[in-house]
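Novice: For reference, the sequence and a predicted model appear below.
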Amino acid sequence: MVAHNRGLLEVMKGGLRIIFPPQCLACGEAVAEEGGLCPNCWREAQFITGPACSRCGTPLPGDGVDDLDESGPLVCDECLHVAHPWVRGRAAMVYAGTGRKLTLLLKHGDRLDIAPTLGDWVARAATPLVRSEMIVVPVPVHMRRLLRRKYNQAALLSERVARVHGLTHLPYALRRLRHGPMQDHGSVEDRFANVEDAFGAERKYRSEIEGRAILLVDDVLTSGATLAAAAEALRAAGSGPISVVVLARAVKDP
């Protein structure tokens, strides 16, 4: 009976694919399978699969997939001069082309349907960072923004990351303490000032945070101001070492 029902379900799925063929995540064009990109969007997607900065995920020149060389961890020029409150970082894509489009669709376009696939990409990028007993925490949004948007895009990604790697997910471990303007504009100094002391750890989760390695998840890393403020709040709550992973990393033009 179970096998019969499973077979019937597959037939129904096949029929739905004929009526409603899978669509490109970014543009809606027909594609071969669910969660795929059309040829045009694929060409515009810059997945970070080669050498990358071990601290922020910025892609670096070279071949291979490691963030190490003979002298130790690879570090970009920016991270050589900026101290981060986290130890390692990764990103799934470059914040440009299809990567930027997908990030904005998830963040502002109510495209919750693409969250599982994007979350899988983030989970794959996070693989080198994962440690046993690590806790996954998303960067929170302020309640006013959450009420308007109805969801936290970082939490959608972090939930998937935790599920893929079998880790504990604490979506409410951090709280945004004050509402501020979006981080889309302004200088680096403005961005850091905008989120200074903007986050705090929820008291009821502090015992779970204390001494534990944390994987902090967000949708995009530009200046690093938001992730830095969130990581500082976790450190103030007594966390162990913090790693960060994002869907997309903004990079400077060469």
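Specialist: It's in.
Novice: if I look at Asn253, how far off is Phe20?
Specialist: Small correction: residue 253 is Asp, not Asn. Going from Asp253 to Phe20 by Cβ to Cβ, to the nearest Å gives 39 Å. (Each C-beta comes from the backbone N, C-alpha and C, glycine too.)
Novice: Can you name the helix or strand that the spatially closest residue to Pro171 that is not a sequence neighbour falls in?
Specialist: Closest residue in space to Pro171, ignoring its immediate chain neighbours: Ala155 at 4.6 Å, by Cβ to Cβ, 6 or more residues apart in numbering. Assessed by DSSP states H and E, Ala155 sits inside helix 153-165.
Novice: helices or strands next to that helix in the packing?
Specialist: With contacts defined as 3 or more Cβ pairs under 8 Å, 6 or more residues apart in numbering; DSSP states H and E, helix 153-165 has these neighbours: helix 97-108, helix 115-126, strand 135-138, strand 168-169, strand 214-221.
Novice: can you rerun that using 10 Å?
Specialist: Helices and strands touching helix 153-165, by 3 or more Cβ pairs under 10 Å, 6 or more residues apart in numbering; DSSP states H and E, are helix 97-108, helix 115-126, strand 135-138, strand 168-169, strand 214-221, strand 242-249.
Novice: okay, those in TSV with distance to Leu234 and mean neighbour count next?
Specialist: As requested, those are arranged in TSV below (distance: least, Cβ to Cβ, whole Å; neighbours: other Cβ atoms under 10 Å):
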stretch	distance to Leu234	mean neighbour count
helix 97-108	22	20
helix 115-126	16	21
strand 135-138	7	27
strand 168-169	14	16
strand 214-221	6	26
strand 242-249	6	28
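Novice: With mean pLDDT and distance to Pro51 as added columns, please give those in TSV.
Specialist: Listed next are the helices and strands packed on helix 153-165 as TSV, based on pLDDT from 0 to 100; distance: least, Cβ to Cβ, whole Å:
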stretch	mean pLDDT	distance to Pro51
helix 97-108	96	18
helix 115-126	98	14
strand 135-138	98	25
strand 168-169	98	30
strand 214-221	98	17
strand 242-249	98	14
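Novice: so can I have CSV of those showing distance to Gly36?
Specialist: Formatted as CSV, the helices and strands packed on helix 153-165 follow (distance: least, Cβ to Cβ, whole Å):
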stretch, distance to Gly36
helix 97-108, 12
helix 115-126, 9
strand 135-138, 26
strand 168-169, 27
strand 214-221, 21
strand 242-249, 17
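Novice: Quick check: the residue nearest to Pro171 vs Val251, distance?
Specialist: Applying Cβ to Cβ to Ala155 and Val251 gives a distance of 25 Å.
Novice: measure stretch 120-139 end to end?
Specialist: 18 Å (Cα to Cα, to the nearest Å).
Novice: returning to that earlier point: quick one: closest of the helices and strands packed on helix 153-165 to Leu74.
Specialist: Closest of the helices and strands packed on helix 153-165 to Leu74 is strand 242-249, at 14.2 Å (criterion: Cβ to Cβ).
Novice: and that closest one with helix 153-165, angle?
Specialist: Calculated by axes from the mean of the first three to the mean of the last three Cα atoms, to 10 degrees, strand 242-249 forms an angle of 110 degrees with helix 153-165.
Novice: How far off centre is strand 242-249?
Specialist: 5 Å (Cα atoms, centre = their mean, to the nearest Å).
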